[in-house]
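In: no FASTA, just this:
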């Protein structure tokens, strides 16, 4: 996660992968299933043991409580559980420098929006975003800060809905940006160069409009 984005969001809260698996399993929705797919936690969610360990951990940390013999989420776990179970758009942002790839997953629901970043031992750092801020603006800031910290760094955005995805490649281009998008079934990349910050933001927004789920 970039420093600027962290400053513009709440403090990151760390969740273990067993805790995330429990949050996903307790929400029996297609959106939760898609969140599990994007986070690569499908097997963990399907486990009979791991989500139970996650629930125990959440209870022990005060992120859940027992109410009428049921487990209810508390504190920071509430918006995370909501976003995972009701998301409408998932965007994987791969931040690339040299041979290192750092990943941020942007999960958007109405009204909760979060950024999730994998860390050591399968933990996830979660940042809650301003619900009034647009998704393209948030993703633009992540990319801008990545390039500020790592000049010459590049990024790849993969926007996803159930049944469809779309890619956008981003790299610095002089004082502006170049983007590449796949615009035909052959997989050919069409590049546009010399984009301003605003035009890059528009390209990120356009990426979302290309998503059409398969019938």
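Out: Cool, the structure landed. None of these values were measured; they are calculated from a predicted model.

In: Against residue 25, how distant is the residue lying closest to residue 17 once chain neighbours are set aside?
Out: Setting aside the residues directly before and after it, residue 17 is nearest to residue 122 in space (C-beta to C-beta, 6 or more residues apart in numbering), at 4.0 Å. The way it works is simple: take the backbone N, C-alpha and C, and place the C-beta from them, glycine included. Going from residue 122 to residue 25 by C-beta to C-beta, to the nearest Å gives 16 Å.

In: same thing with residue 121?
Out: Applying C-beta to C-beta to residue 121 and residue 25 gives a distance of 20 Å.

In: swap in residue 209?
Out: Applying C-beta to C-beta, the value for residue 209 to residue 25 is 32 Å.

In: Those two - which one has more neighbours?
Out: residue 25 (20 against 9; other C-beta atoms under 10 Å).

In: got the contact list for that one?
Out: If you count contacts by C-beta atoms under 8 Å, 6 or more residues apart in numbering, residue 25 has them with 32, 45, 51.

In: which one of these sits closest to residue 166?
Out: The nearest member of those to residue 166, counting by C-beta to C-beta, is residue 32 at 22.1 Å.

In: can you count the residues close to the closest one?
Out: With other C-beta under 10 Å as criterion, residue 32 counts 20.

In: Can you list phi and psi of it for me?
Out: Reported as degrees, to the nearest 10, the phi and psi values for residue 32 are phi -70, psi -40.

In: From residue 74, how far out is it?
Out: According to C-beta to C-beta, residue 32 and residue 74 sit 19 Å apart.

In: Equivalent analysis for residue 140, please.
Out: Here residue 140 is placed at a distance of 33 Å from residue 74 (C-beta to C-beta).

In: So if I had to pick from those two, which one is more boxed in?
Out: residue 140 (21 against 15).

In: Identify the residues contacting that one.
Out: Listed by C-beta under 8 Å, 6+ apart, the contact partners of residue 140 are 197, 200, 201, 204.

In: Give me the buried entries from these.
Out: For the contacts of residue 140, a burial check counting by 16 or more other C-beta atoms under 10 Å picks out 200, 201, 204.

In: Pull up the pairing partners for the host helix or strand of residue 170, direction included.
Out: Per DSSP states H and E: residue 170 is located in strand 164-173. Strand pairing for strand 164-173, determined by DSSP bridges: strand 154-161 (antiparallel), strand 176-182 (antiparallel).

In: Just name the most buried of the ones you listed.
Out: Among the strands paired with strand 164-173, strand 154-161 has the highest mean neighbour count (mean count of other C-beta atoms under 10 Å), at a mean of 20.

In: any weak-confidence spans in this protein?
Out: Within the chain, the segments meeting pLDDT under 70 span 1-10, 184-186, 212-215.

In: tell me which residues in the strand holding residue 170 are buried?
Out: In strand 164-173, counting by 16+ other C-beta under 10 Å, buried: 165, 166, 167, 168, 169, 170, 171.

In: Kindly report the same for stretch 134-151.
Out: Neighbour counts over stretch 134-151 (16+ other C-beta under 10 Å) mark 135-136, 138-147, 150 as buried.

In: related to what we said a few turns ago, and the strands paired with strand 164-173 as CSV, adding distance to residue 81?
Out: Output for the strands paired with strand 164-173, formatted as CSV (distance: least, C-beta to C-beta, whole Å):
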stretch, distance to residue 81
strand 154-161, 20
strand 176-182, 34
